[in-house]
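Engineer: Here's my sequence, what's the structure:
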Amino acid sequence: MKFDTIIIGGGLSGLICGIYLSRQGQRCAIISSGQSALHFSSGSFDLLNSLPDGTKVSKPLEAIQELAQQAPTHPYTKLGTDKFKELAGRAEDFLKDIGISTQGSYRENHYRVTPMGTLKPTWLTLKNLLTSDNEKRLPVHNPSIFNVTGFLDFYTQFIADEFQKIGTKCSIHSINFPDLEHLRKNPTEMRSVNIARVFDKQENMEELARILKAESKDSDAIILPAITGLNRDQMVEYLQKETNKPVYLLPTLPPSVPGIRTQQRLRSVFQQNGGVYMLGDTVSHAERKGNRISRIYSVNHGDIPFIGQNVVIATGSYFSQGLIATSDQVYEPIFNLDVTFASDREQWYNSDAFAAQPYQTFGIKTDKDFRGIQKGEILENLYATGAILEGFNPLKEGSGAGVSILSAMYIAEQILSK
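Structural biologist: Below is the predicted model of the structure:
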């Protein structure tokens, strides 16, 4: 099977790269072993919230030079300030153009609401999710918070308590009707995705709107868990029209309906542009010829090789087994690429569970164009993108989505420039 570019990994980074390339006429295949981390997403994309030393960042662009001093191998350092700015701005337009509406700007972080009701800085947040431009106040003063009776992944009282600390007083209400009662007969079915499917039915959306309108008369806004409609658009707009009030969504604990909707949209756009998406397949090994990857083999296709002019590895980090840690090493399992990690295992972690963990910065080594390195040699046609890269801590820096998106776009540009 021959393609222009073969992408291993079907998460945020792999899909962004695949869409970018396929829209420019490349024939691309994505090989994905399973669902991506987008299914655990909060509905926001972080760019840069903190420097490695813990210094808070409000304007990411202004922090890149200092970041380069603290983290010389950071993916943003390899991009450089000018390219970082160019790609961050272009990414915002790119997402909008493919049907993913967001709020926010790379010029200054705004604040998203977490599933526990606290405010955290971020770059872009999906439309209709509640955000603020200030960490000490919200754009609503007296909202009604609703939750489905028996749904345990959304803690209304915790959220109300956190909102109270910053001057927003909430009333708490429950949602219940026959289709939800049927779902509740099996407690394991009361998960966000299953509830969202209930609200895919128009009659249930109408019942929801009736409940919201009746119980929110004294409030200035309505807040719901992000569980309304897995396969339908404009549900928030519909509820706002029916209730005549602003309606905002808050992320729940995983699985994430906004994240799944984002994954579905990205995959749909990729396939609409001619991309081949192979879900449930795993790359087993590859052949190298000179300084190029010549053939790739997968579990499902046995001895039938994938042949591509370029290969992109976007397999993620430990969570998705893009990196594997043993008692004495961290390695990349497909190509055996060179990996940066501390030789002394005691230097892998910090005994303070809330501190930055060194193992989070481990990743595969690349040159400045994100080409992979194997036994010290740069592989000319193998690129790496996203969480598998060395030199950054996505959790402590709040940079995971930004690295995934920007590195994917940069690599796509390098491939197209050939």
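
Engineer: now the chain, which segments are flagged as low pLDDT?
Structural biologist: Scanning the chain with the threshold set as pLDDT under 70 gives 187.

Engineer: That one: helices as residue ranges?
Structural biologist: 12-22, 60-70, 75-79, 81-97, 156-165, 178-184, 192-198, 202-215, 235-243, 257-272, 394-397, 400-417 (DSSP state H).

Engineer: Select, out of these, the one closest to Phe40.
Structural biologist: helix 257-272 (6.5 Å; C-beta to C-beta). C-beta here means a position set from N, CA and C on the backbone, and glycine is covered the same way.

Engineer: Tell me how far the closest residue to Leu130 other than its chain neighbours lies from Asn142.
Structural biologist: What sits nearest to Leu130 in space, not counting adjacent residues and going by C-beta to C-beta, 6 or more residues apart in numbering, is Tyr248, at 3.9 Å. Between Tyr248 and Asn142 the computed distance is 13 Å (C-beta to C-beta, to the nearest Å).

Engineer: Please identify every residue contacting each of these two.
Structural biologist: Residues touching both Tyr248 and Asn142 by C-beta atoms under 8 Å, 6 or more residues apart in numbering: Ala221.

Engineer: Could you save the helices of the chain as TSV and add columns showing distance to Thr118 and mean neighbour count?
Structural biologist: Conversion of those to TSV gives the following (distance: least, C-beta to C-beta, whole Å; neighbours: other C-beta atoms under 10 Å):
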stretch	distance to Thr118	mean neighbour count
helix 12-22	24	28
helix 60-70	21	17
helix 75-79	26	23
helix 81-97	25	17
helix 156-165	6	16
helix 178-184	28	15
helix 192-198	19	21
helix 202-215	25	16
helix 235-243	22	18
helix 257-272	18	20
helix 394-397	16	19
helix 400-417	18	23
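
Engineer: Can you tell me which of the ones you listed is nearest to Gly117?
Structural biologist: The closest of the helices of the chain to Gly117 is helix 156-165. By C-beta to C-beta, the value is 3.3 Å.

Engineer: Counting by contacts, list what the closest one packs against.
Structural biologist: strand 143-148, strand 171-175 (3 or more C-beta pairs under 8 Å, 6 or more residues apart in numbering; DSSP states H and E).

Engineer: now the angle between strand 171-175 and it, please.
Structural biologist: Here helix 156-165 points in a direction 160 degrees away from that of strand 171-175 (axes from the mean of the first three to the mean of the last three C-alpha atoms, to 10 degrees).

Engineer: Using PDB, list the CA coordinates for helix 156-165.
Structural biologist: The C-alpha trace of helix 156-165 is given here as PDB (Å, rounded to 0.1, in the frame of the first residue of the first chain):
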ATOM      1  CA  THR A 156     -22.500  20.600  41.400                       C
ATOM      2  CA  GLN A 157     -21.900  21.400  45.100                       C
ATOM      3  CA  PHE A 158     -18.100  21.600  44.600                       C
ATOM      4  CA  ILE A 159     -18.600  23.800  41.600                       C
ATOM      5  CA  ALA A 160     -21.000  26.100  43.500                       C
ATOM      6  CA  ASP A 161     -18.600  26.300  46.400                       C
ATOM      7  CA  GLU A 162     -15.700  27.400  44.200                       C
ATOM      8  CA  PHE A 163     -17.900  29.900  42.300                       C
ATOM      9  CA  GLN A 164     -19.000  31.400  45.700                       C
ATOM     10  CA  LYS A 165     -15.300  32.200  46.500                       C
END
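
Engineer: Could you figure out how far it is turned away from strand 143-148?
Structural biologist: On the basis of the same axes, to 10 degrees, helix 156-165 is oriented at 170 degrees to strand 143-148.

Engineer: any idea how far helix 156-165 is from the chain center?
Structural biologist: Centre-to-centre, helix 156-165 and its host chain are 26 Å apart (C-alpha atoms, centre = their mean, to the nearest Å).

Engineer: circling back: ok, and which of the helices and strands packed on helix 156-165 has the densest surroundings?
Structural biologist: The highest mean neighbour count among those, using mean count of other C-beta atoms under 10 Å, belongs to strand 143-148: a mean of 23.

Engineer: what's next to that one, contact-wise?
Structural biologist: Here strand 143-148 makes contact (C-beta under 8 Å, 6+ apart) with 154, 156, 159-160, 163, 168, 170-176, 180, 190, 195, 211-212, 215-216, 219-225, 227, 248.
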